[in-house]
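Asks: Turn this into a model:
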Amino acid sequence: MATARKAAERRRRTTKVPKSYRLTPSKLAAAQRILGAATETEAIETALDMVVFRQELIDGTAAMAGTEIVSPDAD
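Replies: You can find the predicted model right below:
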């Protein structure tokens, strides 16, 4: 059952739908160049992935707050 849910979630994440946005051409071109994206769509998707990953890092860091990290060499 968990596998079916994961597969459904993966399909939802990869399903693409047409969208229309008004973006600043120079900002989009800069992002595309900086990210090394082949297309404007790839640049937008990569930037959005980075935003999502940033939030995951923030959430993970917050979850670790107060956790003591001890070196494995500490005796």
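Asks: Just give me the residue right at the centre of the protein.
Replies: The centre of the chain sits closest to D49, judged by C-alpha atoms, centre = their mean, with a distance of 2.5 Å.
Asks: State the mean pLDDT of the host helix or strand of E45.
Replies: Following DSSP states H and E, one finds E45 within helix 40-64. Per-region confidence: helix 40-64 scores 93 on mean pLDDT.
Asks: mind listing what's buried in it?
Replies: For helix 40-64, the neighbour count (16 or more other C-beta atoms under 10 Å) marks 43-44, 46-47 as buried. Where you see a C-beta, it was placed from the backbone N, CA and C, and this is true even at glycine.
Asks: Can you name the residues in contact with it?
Replies: 28, 31-32, 35, 37 (C-beta atoms under 8 Å, 6 or more residues apart in numbering).
Asks: And the furthest pair within those?
Replies: Pairwise distances across the contacts of helix 40-64 (C-beta to C-beta) peak at 10.6 Å, for the pair L28 and L35.
Asks: Nearest spatial neighbour of L35, chain-adjacent residues omitted?
Replies: Using C-beta to C-beta, 6 or more residues apart in numbering and skipping residues adjacent in sequence, the residue nearest L35 is T46, 4.8 Å away.
Asks: what about that neighbour, distance to I58?
Replies: 19 Å (C-beta to C-beta, to the nearest Å).
Asks: Also A38?
Replies: The value you get for A38 to I58, if C-beta to C-beta is used, is 29 Å.
Asks: do the same with P72
Replies: In this view, P72 and I58 are 27 Å apart by C-beta to C-beta.
Asks: same deal with L28?
Replies: 26 Å.
Asks: ok, now E68?
Replies: On the measure of C-beta to C-beta, E68 and I58 end up 20 Å apart.
Asks: And for A47?
Replies: Taken as C-beta to C-beta, the span from A47 to I58 is 17 Å.
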